[in-house]
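S.K.: Everything below, folded, please.
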Amino acid sequence: MHIQILGTGCSKCKTLEKLTREVVEQNGITAEISKVEDIMEIMKFNVMTTPAIVIDGKVVLKGRVPSASELKDILTNKVFMI
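M.R.: Numbering: from 1, shown residues only. Predicted coordinates for the structure are as follows:
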């Protein structure tokens with residue numbers, strides 16, 4: 001699984017990246033996590049509000065930081081919260 005965290009570096013974006021890394025580690029999820037901060041790259045995903053999460057090329061959440069349990073559901077069950 002390839003997880004991309006979209007965000008220009010604001011506190012919410014940093015929080016989402018940290019939370020994602022924690023949830024992946026705590027639940028033994030095999031994933032590659034990358035941070036996308038370039039606004040032109042973010043716009044290619046048609047995302048106008050950050051932070052956002054992209055899993056395997058699909059935007060699954062945008063504009064907010066989810067709870068840890070909600071993020072776990074997204075990552076383990078592919079429950080997408082657009």
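
S.K.: In this protein, where is pLDDT below threshold?
M.R.: Scanning the chain for pLDDT under 70 picks out 78-82.

S.K.: Tell me where the longest helix sits in it.
M.R.: helix 11-26 (DSSP state H).

S.K.: in terms of contact count, name the helices or strands touching it.
M.R.: Under the contact criterion of 3 or more Cβ pairs under 8 Å, 6 or more residues apart in numbering; DSSP states H and E, helix 11-26 touches strand 2-6, strand 32-36, helix 68-77. (C-beta placed from N, C-alpha, C; glycine too.)

S.K.: Name the residues that touch the longest one?
M.R.: Taking Cβ atoms under 8 Å, 6 or more residues apart in numbering as the criterion, the residues outside helix 68-77 that touch it are 1, 3, 19-20, 22-24, 27, 29, 31, 53, 55, 60-61, 66, 79-81.

S.K.: same question, the first one
M.R.: Applying Cβ under 8 Å, 6+ apart, the external contacts of strand 2-6 come out as 13, 16-17, 20, 24, 31-36, 41-42, 45, 47, 50-57, 62, 75.

S.K.: Please repeat the previous calculation with a cut-off of 6 Å.
M.R.: For strand 2-6, contacts defined as Cβ atoms under 6 Å, 6 or more residues apart in numbering pick out 16-17, 31-36, 42, 47, 50, 52, 54-56.

S.K.: CA atoms only for it, dumped as CSV, please.
M.R.: Extracted in CSV, the C-alpha atoms of strand 2-6 (Å, rounded to 0.1, in the frame of the first residue of the first chain):
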residue,chain,number,x,y,z
HIS,A,2,1.3,3.5,-0.9
ILE,A,3,0.0,6.2,1.4
GLN,A,4,0.6,9.9,0.5
ILE,A,5,0.0,12.7,3.0
LEU,A,6,-0.9,15.9,1.1
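
S.K.: ok, and for that strand, which residues are buried?
M.R.: Buried positions in strand 2-6, judged by neighbour count with 16 or more other Cβ atoms under 10 Å: 3, 4, 5, 6.
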